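Enquirer: Compute the structure for the input listed below.
(4 chains)
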Number of protein chains: 2
Amino acid sequence: MATIEEVARAAGVSTATVSRALRQQPGVSERTRQRVRTVAEELNYSISRSASGLATGRTRRIGVLVPYVSRWFFGQVLAGAEEVLRSAGYDLMLYVVGDQEGRERFFRELPLRRSVDAVLVLTLSLRAEEAGRLRELGVPLGFVGGRMDGFNSVWIDDHGGGLLAVRHLLNQGHTDIAMIHGGTPDALNLPAPHERCTAFRDAMAEHDVPVRESWLCAGDFSVSGGRRAMTRILADELRPTAVFAMSDEMAFGAMHALRNHKLHVPREMAIVGFDGHEMSECSGLSTVVQPVRREGGTAAKLLLEQLEQGSAETRDVVLPTELVVRSSTTGDDSM
Amino acid sequence: MATIEEVARAAGVSTATVSRALRQQPGVSERTRQRVRTVAEELNYSISRSASGLATGRTRRIGVLVPYVSRWFFGQVLAGAEEVLRSAGYDLMLYVVGDQEGRERFFRELPLRRSVDAVLVLTLSLRAEEAGRLRELGVPLGFVGGRMDGFNSVWIDDHGGGLLAVRHLLNQGHTDIAMIHGGTPDALNLPAPHERCTAFRDAMAEHDVPVRESWLCAGDFSVSGGRRAMTRILADELRPTAVFAMSDEMAFGAMHALRNHKLHVPREMAIVGFDGHEMSECSGLSTVVQPVRREGGTAAKLLLEQLEQGSAETRDVVLPTELVVRSSTTGDDSM
DNA sequence: GGTCTGAACGCAAACGCTTGCGTTCGCATC
DNA sequence: GATGCGAACGCAAGCGTTTGCGTTCAGACC
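Expert: You can find the predicted model right below:
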């Protein structure tokens, strides 16, 4: 594999000129630049990232932290970020820190030290010492669904979204409303779930509707967890007429539980989810749609801006959510 | 951020000794090793990957190529690979090449040249020139659901899995069987889908059951595509009694279409999928389960073996599939 | 023709680590 | 006490770029 040295020799110039020519820097005549470029092409030259990184101190790599990669939501956020980073010419180093052990090891060893220009933290809420470790890296950080002083972050209005969902149920005349939340303590320690819980209580209070604690069940943000939660709710001596699931996947699980119990949706049980999962449409699930990919993409863009322009001012960008009403909450009998 | 130089000075030794001490190499007394280690700790030293990479020619990074990251299947495979790589101390550089443009750009610019020790190609079938480009990298390659001479690969028995599914339907007494396949030409150009198609025809032939071409529809491997495919099948003048979907996600879409048409599963239409998607259980979908995470993990392991032991012999590992029968194909009325 | 100027280019010192080889030194051996 | 020997360690040459600064040189100007 050719080095810059060989290219220089073949083109009859110095390595300095090759470097400048290939990186579009001034101080090289157009004739020389062309020659260097074709010679580099012929020799199939490609720069050594290690050498370049060593010389410049920049790696053109971005570390991306994500709790899981196999769940729809995280995959989408990651995909959004990846697309932006890739088209800006940055490489993406992926770190999955979902399990406790992996997470501890990551923050202890900090494998990305000195090997990334910036870090994107996707839907992961950091404990104080973890945040401190990241800060020590001395590189720009970017957040989705989390924040840190001095850095950009991207959010959705979880509280507002929750209100949309619960008010929708209330407006349909429901007063006996259950909730399937993520679970406590939340493994990911994210503020978002908490906000949605609060929204539930706030909306209920607005309408002077009491909250029945035995109708609040944890669903672990998984399909099977949602089904178990729904089953538990149905085991209560009183039965609600509607349920707010804090994620679509839990809502899917709940819908399956309802089907097993031969309860008609929405006549006997209305249900509204949260996320806008790709499957929500054909499941007829009413849901609060959030622009998942855009969240990742926007965070990546902000991060690159900070990295390249070094702008000190940081922003909290809040992206909109939208209630999409489908057959799981309307009289429409297509379910 | 401390360099090896500063650690050496602080510990009163040479940089060579620091390097050897920290990397557990021989030629350093235990006393010195300990001292170096504590000094490094105090100074919060961490090695510069760029410098180390430049000196050794190894990066401790693995490039991972994947067509999508936001779909369940790919996310799982990726997760399996990531776990293995991470615990072996390698970093993962993610390249998502699903869209045509991104794919072309990737193979044209080959951003991972000189910056990874090996490449893992996940469920992506390469055209000849793409394969050639990867070969040029001169690093070990590993494959899931694809192969290349001289490198390891991991497979499932798609043909066998397909037979399991279709024979199951046939054994239930079905003879009018439709199929929802991925579509032609397959964007990913994978052999797996083709194998499953062949298995369908083979199983039908085994039982002397004719294949009705208008019952073979493309579902694009997506939920909505599956729904559209099912709808098209139902629009035929004859109606099958069972359908084999080549992926669970398409099967989910099909089930929704059936529900919209008020057709009972499995009484009026039995359905069997392929993958073992997490949602298949609570959907009651019979399916051919493949060990998705293990496929990624196994490929990663094989790749690391080749990388570290430099073993020239390569293997094609075939992982088992298993038919899991649920209510979508049995008389069980729980749906 | 001498001077000045700026464009184009080369020199060489970093960047931080690894590693082959040479040196030192304490200790056993004769 | 001279010799040999291996363990422990240092020296310094890389690895392939980047970049500040110096040099060359063609052309403009007096």
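
Enquirer: buried residues in stretch A:22-31?
Expert: Of the residues in stretch A:22-31, those scored as buried under the neighbour-count criterion (16 or more other CB atoms under 10 Å in any protein chain shown) are A:22, A:28. Bear in mind the C-beta positions are built from the backbone N, C-alpha and C, glycine included.

Enquirer: go on, stretch A:266-278?
Expert: A:266, A:269-278.

Enquirer: Could you list the alpha-carbon positions for that stretch in CSV?
Expert: Output of stretch A:266-278 as CSV, limited to C-alpha atoms (Å, rounded to 0.1, in the frame of the first residue of the first chain):
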residue,chain,number,x,y,z
PRO,A,266,-61.1,0.1,21.1
ARG,A,267,-64.7,-0.7,22.2
GLU,A,268,-63.8,-2.5,25.4
MET,A,269,-60.3,-1.0,25.7
ALA,A,270,-58.8,2.0,24.0
ILE,A,271,-55.1,2.2,23.7
VAL,A,272,-52.6,4.8,22.8
GLY,A,273,-48.9,4.4,22.5
PHE,A,274,-45.8,6.6,22.1
ASP,A,275,-43.0,6.6,19.5
GLY,A,276,-44.5,6.2,16.1
HIS,A,277,-43.0,2.7,15.6
GLU,A,278,-43.1,1.5,12.0
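
Enquirer: near chain B, anything from it?
Expert: Yes. Residues of stretch A:266-278 are located near chain B by CB under 8 Å from any CB of the partner chain, namely residue A:278.

Enquirer: how far out from the middle of the chain is that stretch?
Expert: Using CA atoms, centre = their mean, to the nearest Å, the mean C-alpha position of stretch A:266-278 is found 22 Å from that of the whole chain.

Enquirer: ok, now stretch A:216-230?
Expert: What separates the centre of stretch A:216-230 from the centre of its chain is 21 Å, taken as CA atoms, centre = their mean.

Enquirer: quick one: terminal-to-terminal distance for that stretch?
Expert: Using CA to CA, to the nearest Å, one end of stretch A:216-230 lies 10 Å from the other.

Enquirer: For stretch A:144-152, which residues meet the burial criterion?
Expert: Residues of stretch A:144-152 classed as buried: A:144-148, A:151-152 (neighbour count, 16+ other CB under 10 Å).

Enquirer: and which of those residues is nearest to DNA strand C?
Expert: When the buried residues of stretch A:144-152 are compared for distance to DNA strand C (CB to the nearest atom of the strand), residue A:151 comes out closest, at 24.4 Å.

Enquirer: ok, now which ones touch the closest residue to that closest one other than its chain neighbours?
Expert: Distances taken as CB to CB, 6 or more residues apart in numbering or on different chains place residue A:141 nearest to residue A:151, at 4.5 Å, with adjacent residues excluded. Applying CB atoms under 8 Å, 6 or more residues apart in numbering or on different chains to residue A:141 gives the contacts A:118-121, A:134-135, A:148, A:151, A:303.

Enquirer: what sits opposite residue A:141 in the beta ladder?
Expert: When bridges are called by DSSP bridges, residue A:141 pairs up with residue A:119.

Enquirer: try residue A:318
Expert: With beta bridges defined as DSSP bridges, residue A:318 has these partners: residue A:155.

Enquirer: With residue A:65 instead?
Expert: Beta-bridge partners recorded for residue A:65 (DSSP bridges): residue A:95, residue A:121.

Enquirer: And the helices in the stretch 151-300 of chain A?
Expert: Chain-ordered helices for the stretch 151-300 of chain A, with DSSP state H, counting those that start in this stretch as the definition, fall at A:158-171, A:191-206, A:223-234, A:248-260, A:280-283, A:292-309.

Enquirer: ok, back up a step: relative to chain B, which of the buried residues of stretch A:144-152 is nearest.
Expert: Taking CB to the nearest CB as the measure, chain B lies nearest residue A:144 of the buried residues of stretch A:144-152, at 14.7 Å.

Enquirer: The closest one contacts residue A:152, doesn't it?
Expert: No. The pair residue A:144 and residue A:152 fails to qualify as a contact (CB atoms under 8 Å) at a distance of 9.9 Å.

Enquirer: which neighbours do these two share?
Expert: Taking CB under 8 Å, 6+ apart as the contact rule, the neighbours common to residue A:144 and residue A:152 are residue A:299.

Enquirer: can you pull the contacts of residue A:43?
Expert: Contacts were defined as CB under 8 Å, 6+ apart; by that measure residue A:43 touches A:2, A:6-7, A:10.

Enquirer: Give me the phi and psi for the residue of the stretch 101-250 of chain A found nearest DNA strand C.
Expert: In the stretch 101-250 of chain A, no residue comes nearer to DNA strand C than residue A:114, which is 7.6 Å away by CB to the nearest atom of the strand. As for residue A:114, its main-chain torsions (degrees, to the nearest 10) stand at phi 60, psi 10.

Enquirer: which stretches of the stretch 1-150 of chain A have low pLDDT?
Expert: Applying pLDDT under 70 to the stretch 1-150 of chain A flags no residue at all.

Enquirer: returning to what we had before: take the buried residues of stretch A:144-152 and lay them out in CSV including distance to residue A:224 and secondary structure.
Expert: Output for the buried residues of stretch A:144-152, formatted as CSV (distance: CB to CB, whole Å; DSSP: H, G, I helix; E, B strand; the rest coil):
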residue, distance to residue A:224, secondary structure
A:144, 26, strand
A:145, 24, coil
A:146, 27, coil
A:147, 31, coil
A:148, 34, coil
A:151, 36, coil
A:152, 36, strand
